[in-house]
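S.K.: mind looking at a prediction? Sequence and model below.
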Amino acid sequence: MDNLLLSGRYYLPTDALIRRSIESSLARTFETRGYKEIVPPMLVGLGMAQLGPDGPHGAGGPDQHRESARASFVVLSRDGNLLTLRSDLTAPVAALAARHLLSPDEPTRLYYSGSVFRAQKPGSGKPEERRQVGAELIGQTATGRQTDSEILAMAAEGLINIGLRDFCIGLNDARLLATILDAAGAQGDMRRQIQSALASRDYVQYRELVSSLEDAGAGDLARDARGIDLLKRLPDLHTGPEALNALQVAGVYEAADDLVGILGTLEDRGLGRYFSLDLAITREFHYYTGVVFEGYAPGAGNAVIGGGRYDDLLARFGNSAPAAGFAVDVDSVASALEALEASGTPEGSVQRWNRQLGPNPDLCQAVRSRH
Amino acid sequence: MEPAARAESGSMPSRQVSPLRIALPKGRLLQPALDALAHAGLDCPDLDELDRRLVHTTPDGSAKFIIARPADVPAYVEYGAADLGITGKDVLLEGDWNVCELLDLGFGKCRMVVAAPEFAVGPGPSTGPGLDSNPDPAARELRPPCLGHTLRAATKFPAIAKRHFAPRRDLCVQIIKLNGAVEIAPIAGLADVIVDIVDTGRTLADNGLVVVEEIMQVSARLIANRASLQLKSAVIHRMTSALRSRN
């Protein structure tokens, strides 16, 4: 007997239809840009879990408050091997691409949809199975601003085509924090604590750590005082010009210059209004090596989209190649769409209660016509 | 690289104006929280007004206050029903919430402690009543009621208590979750010690309890929803700057 309260989420007809329309809209966006669908396996080797939040460099790090948090589900196969339910889709797609799909001249363009599984705190009510649709651009030529801009522009266009408005994608570079921490002379335990406070967005602890770092190294002449200054201002640097002026001072030109270039390209494509800098972004997956991003929309408490560049990941599967990609969280997009629909009418939340039973016929028609 | 040319892309795109939704804690933190927000330029209602209505919008429509129990404030914020919230650090540590902790507001300061009946702790340098004023809590030692027994700890904060006792290999601890008036548990024989928030220490002393260990200092924090922090960054940033300058 299935216990409905213990199992994952069931999608009732209206919810299932919304989910389908989001997934097929994204699939069309990707296909028109030459991306091919692949279907990665649900059960993967235990090593995959090491690449996610449970890995040795997981986002929580040696955080005293999260010692019991294990994000991945482990499955015992009949012959005694340990497998894991995939906790993200980028790593299995990268593994497949590294083994079978790399071409020397043309970058490989792949998209996928499927569920990922991440354990949640008991009683939190958050779903442990989440639907994602994502795309990856992989290959020797898939480097530089052009590729990053292609991925980011497609991410924004994907969300626009679904019907989302007013979303905002924050951009950062995974190398920036390391460079700034180097400049500020943060080492060892202190460095890990600062990273972990920033990852959990605990700015109170972050500021305390940065001031104790400042006090500890007060007499150290080799250290760059501008590094400390930049660390202090990091959570507040949200607007482009302000942030970039600060970054130029600290001598982290390369990464900063890339971000400026990418923002410029997006502006030229008319997508500038959907992007901003957010230098406090640290993704929980630690394979990112360059640009990283995270997007939010009104009505969805979680990120609707996340991704970045991961040039070193494929090498772990035996064939190195630069790559970048992203995944859209389908359930978060669905909540954002619902909020958007409700905001159109003054009785938004009343409408939710009075919605016709059964799926909206217009939406049904729209979805059917695509298949 | 021309930073000035990027001014447009960096600033927030124009969005429909919606009120900043702030979840406030019922109880002792409410008045200082309202004072802080009033200082940050919000047109705050007074306490009586909020007693009658648990949701209140400012006359100019720029902010909406939601009054919730302190322990529920992070839930409103994490799920995006509120953009900002004010609650105690104890609540944040107990729940492991996915919210951004923006600011230590500096009020509502108290201590999270382990307290035991006076007769249960080892002889400290000072005896007599008002033991909470003992300058050296380490002089007392937390030990099980008798050798080989489980130490029963009653608390409103089971996660914090569990984390605190975890490194103590010499103690076998059973944690009993209560919802309030924890200090009567040792008198009633429900537990040997309690883990609770202490402000002045009066309640402890009245119930014959003394502080055995201090776990941490706590105070009120300003928290934000992760999405709101990005979507309403300009207005939230103004608010945090105003609040920080107050401290």
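M.R.: Now that the structure is in, tell me what you want to look at.
S.K.: and the residue nearest the centre of chain A?
M.R.: A:Gly306 (2.2 Å; Cα atoms, centre = their mean).
S.K.: do I have it right that it meets A:Val291?
M.R.: No: counting by Cβ atoms under 8 Å, A:Gly306 does not reach A:Val291; the two are 12.0 Å apart. For glycine as for every other residue, the C-beta is placed from the backbone atoms N, C-alpha and C.
S.K.: for A:Glu23, list the residues it contacts.
M.R.: A:Ser113, A:Arg131, A:Val133, A:Val330 (Cβ atoms under 8 Å, 6 or more residues apart in numbering or on different chains).
S.K.: name the nearest residue to the last one, sequence neighbours excluded.
M.R.: In space, not counting the residues next to it along the chain, A:Val330 is nearest to A:Arg131; the distance is 3.9 Å by Cβ to Cβ, 6 or more residues apart in numbering or on different chains.
S.K.: quick one: contacts for the one you found?
M.R.: Here A:Arg131 is in contact with A:Arg19, A:Glu23, A:Ser113, A:Gly114, A:Ser115, A:Asp329, A:Val330, A:Asp331 (Cβ under 8 Å, 6+ apart).
S.K.: does A:Gly8 count as helix, strand or coil?
M.R.: coil (DSSP: H, G, I helix; E, B strand; the rest coil).
S.K.: quick check, the lengthiest strand in chain B touching chain A?
M.R.: Ranked by residue count under DSSP state E, the longest strand found in chain B is strand B:209-218. No: figure legend: strand B:209-218 not in contact with chain A (Cβ under 8 Å from any Cβ of the partner chain); closest approach 11.2 Å.
S.K.: may I have that strand as CSV, with CA atoms only?
M.R.: Taking Å, rounded to 0.1, in the frame of the first residue of the first chain, the C-alpha atoms of strand B:209-218 are listed here in CSV:
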residue,chain,number,x,y,z
LEU,B,209,17.9,26.8,38.9
VAL,B,210,21.5,27.9,38.2
VAL,B,211,23.4,28.3,35.0
VAL,B,212,25.8,25.4,34.4
GLU,B,213,27.0,26.2,30.9
GLU,B,214,26.5,29.1,28.5
ILE,B,215,25.9,27.8,25.0
MET,B,216,25.9,31.1,23.1
GLN,B,217,24.8,34.7,23.0
VAL,B,218,21.7,35.4,20.9
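S.K.: wait, B:Arg152 sits on B:Ile194?
M.R.: No: using Cβ under 8 Å, B:Arg152 makes no contact with B:Ile194, being 9.8 Å away.
S.K.: which one's more surrounded, those two?
M.R.: B:Ile194 (29 against 19; other Cβ atoms under 10 Å in any protein chain shown).
S.K.: can you give me the end-to-end span of stretch A:181-196?
M.R.: 13 Å (Cα to Cα, to the nearest Å).
S.K.: still on that earlier bit, which SSE is immediately downstream of the helix or strand harbouring the residue nearest to the centre of chain A?
M.R.: Per DSSP states H and E: A:Gly306 is located in strand A:305-309. Sequence order places strand A:323-329 as the next helix or strand after strand A:305-309, per DSSP H and E.
S.K.: what segments of chain B are helices?
M.R.: B:7-10, B:30-39, B:47-52, B:73-78, B:89-95, B:158-165, B:185-188, B:202-206, B:226-231, B:233-246 (DSSP state H).
S.K.: now render those helices as JSON lines, adding distance to B:Cys110.
M.R.: Formatted as JSON lines, those follow (distance: least, Cβ to Cβ, whole Å):
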{"stretch": "helix B:7-10", "distance to B:Cys110": "41"}
{"stretch": "helix B:30-39", "distance to B:Cys110": "13"}
{"stretch": "helix B:47-52", "distance to B:Cys110": "21"}
{"stretch": "helix B:73-78", "distance to B:Cys110": "17"}
{"stretch": "helix B:89-95", "distance to B:Cys110": "8"}
{"stretch": "helix B:158-165", "distance to B:Cys110": "13"}
{"stretch": "helix B:185-188", "distance to B:Cys110": "19"}
{"stretch": "helix B:202-206", "distance to B:Cys110": "11"}
{"stretch": "helix B:226-231", "distance to B:Cys110": "27"}
{"stretch": "helix B:233-246", "distance to B:Cys110": "20"}
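S.K.: which of the ones you listed sits closest to A:Asp202?
M.R.: Closest of the helices of chain B to A:Asp202 is helix B:89-95, at 8.6 Å (criterion: Cβ to Cβ).
S.K.: now do the same for the residue nearest the centre of chain B: its pLDDT.
M.R.: Centrality entry for chain B: nearest residue to the mean C-alpha point is B:Gly88, 1.6 Å, by Cα atoms, centre = their mean. If you check B:Gly88, the pLDDT there is 95.
S.K.: and B:Arg152, how far from chain A?
M.R.: Applying Cβ to the nearest Cβ, to the nearest Å, the value for B:Arg152 to chain A is 22 Å.
S.K.: where does chain B dip in pLDDT?
M.R.: Scanning chain B for pLDDT under 70 picks out the ranges B:1-17, B:122-141, B:144-148, B:247.
S.K.: quick revisit: what sits against the residue nearest to the centre of chain B?
M.R.: So B:Gly88 contacts B:Pro25, B:Leu29, B:Pro70, B:Gly108, B:Ile197, B:Val218, B:Ser219, B:Ala220, B:Arg221 (Cβ under 8 Å, 6+ apart).
S.K.: please enumerate the helices of the stretch 101-250 of chain A.
M.R.: A:144-162, A:174-184, A:188-199, A:203-216, A:225-233, A:240-250 (DSSP state H, counting those that start in this stretch).
S.K.: okay if I get those helices as TSV plus distance to chain B, mean pLDDT and mean neighbour count?
M.R.: Shown next, in TSV, are the helices of the stretch 101-250 of chain A (distance: least, Cβ to the nearest Cβ, whole Å; pLDDT from 0 to 100; neighbours: other Cβ atoms under 10 Å in any protein chain shown):
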stretch	distance to chain B	mean pLDDT	mean neighbour count
helix A:144-162	12	93	21
helix A:174-184	15	83	21
helix A:188-199	9	86	18
helix A:203-216	5	88	18
helix A:225-233	12	79	19
helix A:240-250	2	65	20
